[in-house]
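**Student:** This is a predicted model, with the sequence first.
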Amino acid sequence: MSSMIEASTVKPAATQLDWSLWLRQIRAILRIEVKKNFWGKRALLLYLFAAIPVVLMFLLAIVDPNGSADIRNKWPNAQEAFGNIYEGLILRTMVFFGCAWIFMNLFRGEVVDKSLHYYFLCSLRREVLVAGKYFSGLLASVVLFTLTTAGSLFFLYYARGYPANVDYLFDGPGMGQVLTYLGITILACLGYGAVFLVIGLFFRNPIIPALLVYGWEWLNFLLPPVLKKISIIHYLHTLSPIPLNEGPLATVVEATSPWISVPSLIVFTALVLFLASIRIRGVSHPSNH
Amino acid sequence: MAVYEHSYKPYEGTLTSAWSRFLVIPRYAYQDLFKYKLFIALFVLCYVYPLISTVIIYLHHNANALAVLDITVSDILPINATFFYVLVSVQTSLAFVFTVIIGPVLVSRDLANNALPLYLCRPFSRFEYIVSKMLVLLILLSMFTWVPGLLLFFFQSYLEGGGWMADNLWIAGAIFTVSIAWLVILALLAMAFSAWIKWRTAASAALFAIFIIPTPIGFIIEELFNTNMGHMLNLGVAFSALSSHLFQLDWLDAKLSFFEAWGVFAAYALICVFMLSRRVHAYEVVS
């Protein structure tokens, strides 16, 4: 018997864009990652974290004896207060830090757990891996933080009572406002998710860049108009259903139309994901990290 | 020597006296840390503000220097409680940066490499281990917080003379108390996170998060319920409140009372001690 090994060139399984294969692979990654994101030990703290605004609104609407009366009697003020809570607590704190945790963990967490090579050993395009992981993070963050937003809104409306709410929600601007808040949350997860995914890929220690992004987003109200537009919070702020005063120090900028804000965020996300795809191709083996 | 000739022999070298054993860990830790040039540079950088403060104090008492620089005493910052408060604030902020750099690996490396049994099989208790690890941070951070603060206080007392020191001794007390309270809580938090979070970056992130996240929550609670109780989650506010009372600064908006501030520090410290007591064991049962 010959000891020679017969070798011949193997025809690549997929010679052209095989979208159905990629979609199947993305679905498979999504299943694995969603399980990790939702049911892992790391997720428990995130649930508690995301519940803070809901608990606060619950305390205001149900437990505080004057809270519900205040909401009923001073509805415009209550809406403005909720707008501030939404932007200051939910968007800038919960969604920001929640997305930072979820999306940075997608790759950096795998590197620390020494499990990224399992994905790299599969016959899987790196871009597909980025897409699968991003969508899993997006799904986890969107579900979690839209629930936070919806829960907080529920207690705000609950304090008003049933008849007033039915009128406001179905015959007034209420439903539009609720959907806008939920939409802003989804867009925030989309934008911040992409930013943190790419930070997690580019930086070994992602804390400093994440803190710089946090500072940039918080100081956005002070920035000149051109710089304001290089941020996510600017677009989210302009979409707010209740116009909010940013304080006496804020630079006044003409509000960006939703027709520009929403596509801008989506295009930005696509660009950042493209960047992440290029980066992931350069990542050799997790042991080299 | 043949293997069968190997037998147990007790250690015959000099024993470290029992009272000073807790200094062994810091000694080795500093040997490791000061190997890095970047760390040394950062450490030196921590003395820039105390140096500037020294120059300001000196200028206050040197008419010739003032004449050369063509300035009057009124043009320079006054040397009072605010002066020392700013010094303590700047230096404790730098202490936080150092804690983020050093703290997250203090205990996690020992836990990850199963090194705890090696420590605890020696005449070295869990308490001594925790104190030793804390001292790594406490001694280092003290070197550029309350130590230069008190040295500057004594320098000012020496130059001013005429009973200034006796009149302002409470400032020295404030420098020491505020700095030590802050350093102890930083050290405890760093160690607790280090013991519970194996990923260094996540432990550092947790340290940042514990200071950043309670701030908006506190202000939202204040806005919603018209109470300052929300700030009881916030160590930064507790630090400001403690400073405001001890440095007697009326201009500083203290959201908490003196005792509430101590309560916040005590609560965080207790939680950290509990977290440490759960993780620092000589052995671990893996189910």
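**Tutor:** Perfect, I can see it now.

**Student:** going forward, measure contacts between C-alpha atoms and count neighbours the same way
**Tutor:** Will do.

**Student:** pull the longest helix from the chain.
**Tutor:** Picked chain A for this. helix A:126-158 (DSSP state H).

**Student:** Let me rephrase: I mean chain B.
**Tutor:** Per DSSP H, chain B has its longest helix at helix B:169-196.

**Student:** same for that one, what does it pack against?
**Tutor:** Under the contact criterion of 3 or more CA pairs under 8 Å, 6 or more residues apart in numbering or on different chains; DSSP states H and E, helix B:169-196 touches helix B:81-102, helix B:108-112, helix B:126-142, helix B:146-160, helix B:200-212, helix B:235-246, helix B:258-279.

**Student:** and chain A, which of these is closest to it?
**Tutor:** helix B:200-212 (6.1 Å; CA to the nearest CA).

**Student:** what residues does that closest one touch?
**Tutor:** A:205-207, B:100-101, B:103-105, B:189-190, B:193-194, B:197, B:234-236 (CA atoms under 8 Å, 6 or more residues apart in numbering or on different chains).

**Student:** Try it again at 7 Å.
**Tutor:** When contacts are defined by CA atoms under 7 Å, 6 or more residues apart in numbering or on different chains, helix B:200-212 is touched by residues A:205, A:207, B:100, B:104, B:105, B:190, B:193, B:194, B:197, B:234, B:235, B:236.

**Student:** Might you quantify the distance of that helix from its chain's geometric centre?
**Tutor:** Centroid separation for helix B:200-212 versus its chain: 16 Å, with CA atoms, centre = their mean, to the nearest Å.

**Student:** coming back round to it: okay, the angle between the longest helix of chain B and helix B:126-142?
**Tutor:** 130 degrees (axes from the mean of the first three to the mean of the last three CA atoms, to 10 degrees).

**Student:** Quick check: buried residues in helix B:169-196?
**Tutor:** For helix B:169-196, the neighbour count (16 or more other CA atoms under 10 Å in any protein chain shown) marks B:171-172, B:174-180, B:182-196 as buried.

**Student:** three-state assignment of residue B:254?
**Tutor:** coil (DSSP: H, G, I helix; E, B strand; the rest coil).

**Student:** so what pLDDT did it get?
**Tutor:** In this model, residue B:254 is scored at 85, pLDDT.

**Student:** ditto for the one 3 residues further on
**Tutor:** Residue B:257 is assigned a predicted lDDT (pLDDT) of 93.

**Student:** How about residue B:198?
**Tutor:** On the pLDDT scale, residue B:198 gets 79.

**Student:** per-residue pLDDT, the residue nearest to residue B:172 when sequence neighbours are not counted?
**Tutor:** Nearest residue to residue B:172, sequence neighbours excluded (CA to CA, 6 or more residues apart in numbering or on different chains): residue B:150, at 6.2 Å. We have a pLDDT of 97 for residue B:150.

**Student:** Where does the residue positioned nearest the centre of chain A sit, in terms of helix or strand?
**Tutor:** Closest residue to the average C-alpha location of chain A: residue A:189 at 1.5 Å, with CA atoms, centre = their mean. Using DSSP states H and E, residue A:189 sits in helix A:174-202.

**Student:** Which strands or helices does that helix pack on?
**Tutor:** helix A:96-104, helix A:126-158, helix A:258-282 (3 or more CA pairs under 7 Å, 6 or more residues apart in numbering or on different chains; DSSP states H and E).

**Student:** how far does the shortest one sit from the chain's center?
**Tutor:** Meaning helix A:96-104. From the chain centre to the centre of helix A:96-104 is a distance of 7 Å (CA atoms, centre = their mean).

**Student:** again, but for stretch B:44-52
**Tutor:** With CA atoms, centre = their mean, you get 17 Å for stretch B:44-52.

**Student:** Give the rounded mean pLDDT of that stretch.
**Tutor:** Per-residue scores along stretch B:44-52 average to 95.

**Student:** in it, what counts as buried?
**Tutor:** B:46, B:47, B:50.

**Student:** Redo those residues as a markdown table? Include secondary structure.
**Tutor:** Formatted as a markdown table, these follow (three-state DSSP):
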| residue | secondary structure |
| --- | --- |
| B:46 | coil |
| B:47 | coil |
| B:50 | helix |
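
**Student:** Going by distance to residue B:73, which of the residues you listed wins?
**Tutor:** residue B:50 (19.4 Å; CA to CA).

**Student:** State the distance from the closest one to chain A.
**Tutor:** To chain A, residue B:50 is 26 Å away according to CA to the nearest CA, to the nearest Å.

**Student:** For that residue, which residues are in contact?
**Tutor:** Residue B:50 neighbours (CA under 7 Å, 6+ apart): residue B:148.

**Student:** Count the residues that sit near residue 218.
**Tutor:** The chain I'm using is chain A. Number of residues near residue A:218 (other CA atoms under 10 Å in any protein chain shown) recorded here: 14.

**Student:** looking at chain B here, not the other one
**Tutor:** Using other CA under 10 Å: residue B:218 sits among 21 other residues.

**Student:** out of everything not next to it in sequence, what's closest to it?
**Tutor:** residue B:230 (4.1 Å).

**Student:** my read: that neighbour touches residue B:224, true?
**Tutor:** No - using CA atoms under 7 Å, residue B:230 is not in contact with residue B:224, being 10.1 Å away.

**Student:** what's the closest non-adjacent residue to residue A:280?
**Tutor:** residue A:126 (6.3 Å).

**Student:** roughly how far is stretch B:174-181 from the heart of the chain?
**Tutor:** 10 Å.

**Student:** Name the residues that touch it?
**Tutor:** Looking at what lies outside stretch B:174-181 - CA under 7 Å, 6+ apart - the contacts are B:88, B:92, B:145, B:146, B:149, B:242, B:243, B:246, B:247.

**Student:** pLDDT on it, on average?
**Tutor:** pLDDT averaged over stretch B:174-181 gives 96.

**Student:** How about the residues of chain B by chain A?
**Tutor:** B:199, B:201, B:205, B:213, B:216, B:217, B:220 (CA under 7 Å from any CA of the partner chain).

**Student:** Taking the centroid of chain B, which residue is nearest it?
**Tutor:** residue B:183 (2.3 Å).

**Student:** before we move on, the earlier item: between the contacts of helix B:200-212, which is nearest residue A:177?
**Tutor:** Of the contacts of helix B:200-212, the one sitting nearest to residue A:177 (CA to CA) turns out to be residue B:234, at 32.4 Å.

**Student:** What separation do you get for that closest one and residue A:109?
**Tutor:** Per CA to CA, to the nearest Å, residue B:234 is found 28 Å from residue A:109.

**Student:** just the angle between the longest helix of chain B and helix B:81-102, please?
**Tutor:** Using the same axes, to 10 degrees: helix B:169-196 against helix B:81-102 is 20 degrees.

**Student:** re the thing from before, give me the distance between the residue nearest to the centre of chain A and residue A:43.
**Tutor:** 16 Å.

**Student:** likewise residue B:171?
**Tutor:** Going from residue B:171 to residue A:43 by CA to CA gives 46 Å.

**Student:** likewise residue B:252?
**Tutor:** For residue B:252 relative to residue A:43 (CA to CA), the value is 39 Å.

**Student:** Please apply the same query to residue B:283.
**Tutor:** 27 Å.

**Student:** Give me the more crowded residue out of those two.
**Tutor:** Neighbours were tallied for residue B:283 and for residue A:43 using other CA under 10 Å; the higher tally belongs to residue A:43 (17 against 13).

**Student:** That one is in what secondary structure piece?
**Tutor:** For residue A:43, the host element (DSSP H and E) is helix A:41-58.

**Student:** returning to that earlier point: any buried residues in the longest helix of chain A, and which?
**Tutor:** A:126-142, A:144-158.

**Student:** Return the distance of it from the chain's centre.
**Tutor:** So, by CA atoms, centre = their mean, the centroid of helix A:126-158 is 6 Å from its chain's centroid.
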